[in-house]
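Colleague: Following is a predicted model, sequence given first.
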Amino acid sequence: MPLFHTMLRRLTLLMATALVLACLAGELPASAERKRILILNSYTTEDLWTAKVNQGIFSVFRERGVDVEFLVEEIGITRTMPALYLPELRTLLQKRYTSIPLDLIITTENNALNFALEQVGAALPDVPIVFSSLTDRHLIRRFPDERATGVFSEDSALFLLRELIRLHGDIPKIALLVDRTPRGFMDLARLRDAAITLSFPTQRIFPYIGLSIEEMMDSFAKLPPNSVVLLGNFSVSVGGRLIPLPTVVEAIQSANELSTYSLLEETAALGVLGTVTGGGSQIGRMAGEIALKVLGGTATETIPLARGANNRLIFNYAEVKNLGIQRSSLPPGSILHGDPFQEINRFVPLIAGNILLFIILGSSAFILRRKIKARKIAESELFRQSESWKNLFENSPQGIIIYDILGQIKETNSRFRELFRLTDGIPQVGIMSLLAGTGTVFTEEEVFPSFMTNLATSVKSKETKVPDGEGGTIPVSFLTFPLPSVSEEDVYCALFEDISERKRLQAMLRRRTALQKQVTAISSRFVMEGEFGETMKVALGDILNLSGARFASIYVMSETGALVPEIEIFPEGRMERRPNGDDPLFGEDFFWKSLLKKDPLPTVLLVEPSIRDHRLKRDGLHGRIALMPLLLNRNLQGFLALVDPLPRWYDASDEPMLALFSELLSIAIERKREEDALRKAHEIILGRFSGAISVLRQVSELRDDSTSGHQKNVSELAESLAVEMNLPEETRMAVRYAGLVHDIGKLYIPAEILGKPSFLSEAEYELVKKHPEYGHNILSTLDFPWPLAKIVLQHHERVDGSGYPYGLTMGEICLEARILAVVDSYDAMVSDRPYRKSKGEQEALDELCDLAGSAYDPEIVQAFVSLRKKRAAGE
């Protein structure tokens, strides 16, 4: 009954307020700019959580300087209250805000949003809604995206019950202490919902509603061990006076030694073991930020749901210590109220500041002492460095001179005097006169660069030559730069460096680079090209150009172990392959036999030709011979012989590129030998296969005189068709030999059936249709390099599946069998049979075209018709 009277008073107050506002609605100042926001609270603003959320919302608008008019209402109902009050509340709010247009509704917690969606939504359908502190996931699925968005949070009761179960295990009873307010009843409902969600027996939750202190102490004293007391919203008056929360907590703890938890954040400092905190102000600020976006024109359906701050537990340090709960077992993010370690942390900055001050003062004294000592060391080091620079100046490998703005030489070192053949002392001539003797023109800027010049980028050396005193010159580099001086006199420093060795190395590098490029080009061409003879001819021509020789020849080891010429390039550029018995360079007693005993063989050898080399004398090629042994895996493959090459050829005999080139030539020779052997073996094997297949064809044709020559015709036609279709060589060979034996299976068919002068009976035809399988059985036992057995098995299959023996279709029949099917049918049609006369060629081709796509591959038919037309035209 008290609850009913409370609700009745609220309804009366709302109706009176609505009537007053309706009378004064015409007198309210109209403002086109100021926005109106209705904050619809589930509970009264005296509720601490509700107050924090509201303050968070207000702070966002206040900090952003947004001028809005807030209208705050409280619902004060729960889902357990009679539904008859809801329409009345809706009517009151509708009357109140019909004349006051709203721009936005912000709800707090579940009940306000539920009321806004079901009751206010019908009255104010166009006003967007931003919710906060929403914990009921079912409500999220109910509201339309274009109407509402906001902040979703985990239910604090669910969070607390989950942690209670984790910390205390099997809890026999949870005593929930609440009052008779809507918030109190909602705490009870939320705890029961959490128990159902976590599969915790709801019968273990005992609500104690609106008890006095004495009743509460009597009830809690009877609780079984290991029970837990949970304090919800508790606002109970005795004799018109409200019982303070500290008194309530003290009474609970004095009644028993059970663990006490609270859903009220303000009880954290009152001695309860644990209290839930969910960041109400932060959730309010998040809702305020979303409200600003909606007021700014952002559609609610484009604003994703925000996740509120995670719930945390605030534990009382003294209670945790008394109960022996380990810190490690507390939930992540928990706060320990009254933790001495946290108190110590408050003084850490002060302690750290004092320590830092002590360190700074001590360091300053230490640094000052070090500076005094460092100055003395620096003075000593300066004197030492001065002496070191003098020694460096005098003994530098570069010639150094110091001169002034007038060109007068102030100082020189020994290397400079050595380069210019000067006696000891400072030369009396100026720098310009000295440089004039080099024969190189120097500009004034090169000799006297500006003091503003960037030494790192602008100063460049210049090459010149100085006489060596013996009629020659020494290449040197000249580099000058302004020298900083403590006096006001401009002083310059010039460096002369002997670059003779650098010039020699550069020249050698250019020669080697050119040699490497040429050798690489020759090697690449030899490796990449296919035909051995033509490639070797081009390679030997390049070698002649590279070496400057007048004659080049490749000698290889024959099968008998003798060196014989493979290819020769003569002075006029013609190439000749010499017979193995005629050797112009290597006589029977030539030195190479003894050369083979050397280990290792040199890269290039120089020899004088024997007087018996009549061929050289006849061609005018007698002279020096440079021989390059061609080795592969330490085995001699032959020699490259060059007559009268340029000295640079044998001077570069230690070049790694020549050794690589020699190895590549050896590999090429070895590859040619292997290719020749492979080609010869392939020809032998192919000949044996051809003989075997020819015998099989002849044997099969002995059984059927009427089809004599048919297999040979099919073979020739199939091969010609494969050539017409530009098919690979392997495919051409496959259809050639498959055509020769495609009817080999008829050996198993009685001769009287094969030669029958009339049409076959159904049984006889079925027996004949077995010949592809018989042929496959015969050929599959032989190891051919082509799939002859498969081709023979499928040559009577048709692309539409009407063939035999398996009724295969286009994608299942191999290409060779589809080719054989066309030419086999064609040759059968244009040949006489005992039971019919042959057809004309055009008639046979027309029939093939008619069956293209159904029985035969249309592309193959088209290619065959084109082939026959070309043959008829004589092409």
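Modeller: Cool, the structure landed. Numbers count the residues shown, from 1 in each chain.

Colleague: ok, for residue 208, nearest residue in space, not its chain neighbours?
Modeller: residue 177 (4.9 Å; CB to CB, 6 or more residues apart in numbering). Glycine gets a C-beta too; all of them are placed from N, C-alpha and C.

Colleague: Using the three-state scheme, assign that neighbour.
Modeller: Per DSSP: H, G, I helix; E, B strand; the rest coil, the secondary structure class of residue 177 is strand.

Colleague: Tally up the residues packed near it, please.
Modeller: Neighbour count of residue 177, defined by other CB atoms under 10 Å: 27.

Colleague: same question, the one 10 residues further on
Modeller: The local packing of residue 187 (other CB under 10 Å) involves 25 other residues.

Colleague: Show the contacting residues for it.
Modeller: 157, 176, 178, 232, 233, 263 (CB atoms under 8 Å, 6 or more residues apart in numbering).

Colleague: What are the buried residues along the helix or strand hosting it?
Modeller: Assigned by DSSP states H and E, residue 187 belongs to helix 182-197. By neighbour count on 16 or more other CB atoms under 10 Å, the buried set for helix 182-197 is 182-188, 190-195.

Colleague: per-residue confidence for residue 705?
Modeller: Residue 705 is assigned 57 on the pLDDT scale.

Colleague: Check this structure and tell me which residue is nearest its centre.
Modeller: Among the residues of the chain, the one closest to the centroid is residue 304, at 31.4 Å (CA atoms, centre = their mean).

Colleague: Skip the chain neighbours and tell me the closest residue to it.
Modeller: Nearest to residue 304 is residue 149, by CB to CB, 6+ apart, at 7.5 Å.

Colleague: Check residue 665 too.
Modeller: Distances taken as CB to CB, 6+ apart place residue 630 nearest to residue 665, at 5.2 Å, with adjacent residues excluded.

Colleague: which residues sit in contact with the one you found?
Modeller: 554, 556, 636, 637, 638, 639, 640, 662, 665, 666, 669.

Colleague: How about residue 184?
Modeller: Listed by CB under 8 Å, 6+ apart, the contact partners of residue 184 are 178, 209, 210, 232, 233, 234, 235.

Colleague: out of those, who's nearest residue 300?
Modeller: Among the contacts of residue 184, residue 233 lies closest to residue 300 (CB to CB), at 31.5 Å.

Colleague: That closest one in helix, strand or coil?
Modeller: Following three-state DSSP, residue 233 is assigned to coil.

Colleague: show me what contacts it?
Modeller: 47, 178, 179, 181, 183, 184, 186, 187, 263, 264.

Colleague: same deal with residue 775?
Modeller: 741, 742, 743, 744, 745, 746, 789, 792, 793.

Colleague: try 6 Å
Modeller: 744, 745, 792 (CB atoms under 6 Å, 6 or more residues apart in numbering).

Colleague: circling back: past the helix holding residue 187, which element shows up next along the chain?
Modeller: Counting by DSSP H and E, the next helix or strand C-terminal to helix 182-197 is strand 205-209.

Colleague: Which strands or helices does that next one pack on?
Modeller: strand 174-178 (3 or more CB pairs under 6 Å, 6 or more residues apart in numbering; DSSP states H and E).

Colleague: what about the helix holding residue 187, distance to the chain center?
Modeller: 52 Å (CA atoms, centre = their mean, to the nearest Å).

Colleague: what about dumping the CA coordinates of that helix to CSV?
Modeller: Provided in CSV are the C-alpha atoms of helix 182-197 (Å, rounded to 0.1, in the frame of the first residue of the first chain):
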residue,chain,number,x,y,z
PRO,A,182,11.6,1.2,-7.3
ARG,A,183,15.4,1.1,-7.1
GLY,A,184,15.3,-1.5,-4.3
PHE,A,185,12.9,-3.7,-6.2
MET,A,186,15.0,-3.3,-9.4
ASP,A,187,18.1,-4.4,-7.5
LEU,A,188,16.2,-7.6,-6.5
ALA,A,189,15.0,-8.2,-10.1
ARG,A,190,18.5,-7.6,-11.5
LEU,A,191,20.1,-10.0,-9.1
ARG,A,192,17.5,-12.8,-9.9
ASP,A,193,18.2,-12.2,-13.7
ALA,A,194,21.9,-12.5,-13.1
ALA,A,195,21.4,-15.7,-11.2
ILE,A,196,19.4,-17.2,-14.1
THR,A,197,22.1,-16.1,-16.5
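
Colleague: could you check the angle strand 174-178 makes with that helix?
Modeller: 160 degrees (axes from the mean of the first three to the mean of the last three CA atoms, to 10 degrees).

Colleague: what about the strands in the stretch 51-200 of the chain?
Modeller: Taking DSSP state E, counting those that start in this stretch as the test, the strands found in the stretch 51-200 of the chain are 68-74, 104-108, 129-134, 148-152, 174-178.

Colleague: So which residues make contact with the first one?
Modeller: Strand 68-74 is contacted by residues 34, 35, 36, 37, 38, 39, 40, 41, 44, 61 when judged by CB under 6 Å, 6+ apart.

Colleague: If residue 69 is in a bridge, with which residues?
Modeller: Beta-bridge pairing for residue 69 (DSSP bridges): residue 36.

Colleague: Near it, how many other residues are there?
Modeller: Residues contacting residue 69 under the criterion other CB under 10 Å number 13.

Colleague: Each with direction, which strands does the helix or strand hosting residue 474 pair with?
Modeller: Using DSSP H and E, residue 474 maps to strand 473-483. Sheet pairing of strand 473-483 (DSSP bridges) gives strand 462-467 (antiparallel), strand 491-498 (antiparallel).

Colleague: Quick check: bridge partners of residue 404?
Modeller: residue 491.

Colleague: How is the protein partitioned into domains?
Modeller: Domains of the chain are assigned by automatic domain parsing as 2-17+33-152, 156-276+310-337, 346-387, 396-498, 507-669, 703-872.

Colleague: and those as JSON lines, adding distance to residue 300?
Modeller: Listed next are the domains of the chain as JSON lines, based on distance: least, CB to CB, whole Å:
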{"stretch": "domain 2-17+33-152", "distance to residue 300": "5"}
{"stretch": "domain 156-276+310-337", "distance to residue 300": "25"}
{"stretch": "domain 346-387", "distance to residue 300": "45"}
{"stretch": "domain 396-498", "distance to residue 300": "63"}
{"stretch": "domain 507-669", "distance to residue 300": "70"}
{"stretch": "domain 703-872", "distance to residue 300": "57"}
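
Colleague: so where's the longest helix in this protein?
Modeller: Ordering each helix of the chain by length in residues (DSSP state H) puts helix 340-395 first.

Colleague: so that helix versus strand 491-498, what angle?
Modeller: With the same axes, to 10 degrees as the basis, helix 340-395 and strand 491-498 are set at 70 degrees to each other.

Colleague: Pop out the phi and psi values for residue 400.
Modeller: Note on residue 400: its backbone torsions stand at phi -130, psi 130 [degrees, to the nearest 10].

Colleague: Could you dump the strands paired with strand 473-483 into TSV and include mean neighbour count, distance to residue 852 and mean pLDDT?
Modeller: Shown next, in TSV, are those (neighbours: other CB atoms under 10 Å; distance: least, CB to CB, whole Å; pLDDT from 0 to 100):
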stretch	mean neighbour count	distance to residue 852	mean pLDDT
strand 462-467	16	82	82
strand 491-498	20	87	86
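
Colleague: Let me have those in a markdown table, extended by distance to residue 250.
Modeller: Putting those into a markdown table (distance: least, CB to CB, whole Å) gives the following:
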| stretch | distance to residue 250 |
| --- | --- |
| strand 462-467 | 99 |
| strand 491-498 | 93 |
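
Colleague: With respect to residue 645, which of those strands lies nearest?
Modeller: Proximity to residue 645 (CB to CB) singles out strand 462-467 among the strands paired with strand 473-483, at 32.9 Å.
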